[in-house]
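J.: here is a sequence together with a model predicted from it:
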Amino acid sequence: NKSTLLDEVEESIVMLTLLIEWLDGEEEEEPLTIVDVCCGKGVFSLLASYIFSTNTEYFDNYRNRGVGVTKVRSIVLLDKADICWGHIDAANKESTGME
């Protein structure tokens, strides 16, 4: 469905923008793993895999600053999985310092 795909892309762009802003503010040296929970068709992960690949402007910006690697190591898609949301809530609280 074309309208659904457009909605998925728009939602993904919003989240990718927030993720990129967060990554740009992080000083962590170790690349992270993105976990796309309830991924559906995986539009977010598809776009993220392109943006964080080694042949994009985003990667070139890091290479030009001497970093030389992307800040994303891998992307994991989860859909129709038995998810313990308590773990996700706890991880979110810990990462934002709002324990």
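T.: In hand now; what should we look at?
J.: just give me the neighbour total for Cys38.
T.: Neighbours of Cys38 under the rule other CB atoms under 10 Å: 10. The C-beta positions use only the backbone N, C-alpha and C, and glycine is treated the same way.
J.: mind checking the SS state of Leu19?
T.: Here Leu19 is helix, with the state taken from DSSP: H, G, I helix; E, B strand; the rest coil.
J.: what strand or helix carries Leu5?
T.: Using DSSP states H and E, Leu5 maps to helix 2-25.
J.: that helix packs against which elements?
T.: Judged by 3 or more CB pairs under 8 Å, 6 or more residues apart in numbering; DSSP states H and E, helix 2-25 is in contact with helix 43-51.
J.: helices and strands around the helix it packs on, which ones?
T.: Counting by 3+ CB pairs under 8 Å, 6+ apart, helix 43-51 packs on helix 2-25, strand 32-37, strand 72-78.
J.: what angle sits between that helix and helix 2-25?
T.: Counting by axes from the mean of the first three to the mean of the last three CA atoms, to 10 degrees, helix 43-51 lies at 50 degrees to helix 2-25.
J.: could you check the angle strand 72-78 makes with helix 43-51?
T.: Helix 43-51 runs at 160 degrees relative to strand 72-78, counting by the same axes, to 10 degrees.
J.: okay, and the beta partners of the residue positioned nearest the centre of the chain?
T.: Centroid-nearest residue in the chain: Ile34, 4.8 Å away (criterion: CA atoms, centre = their mean). For Ile34, the beta-bridge partners are Ile75 (DSSP bridges).
J.: where does this protein have its least confident helix or strand?
T.: Lowest mean confidence among the helices and strands of the chain (mean pLDDT, DSSP states H and E): helix 57-64, at a mean of 64.
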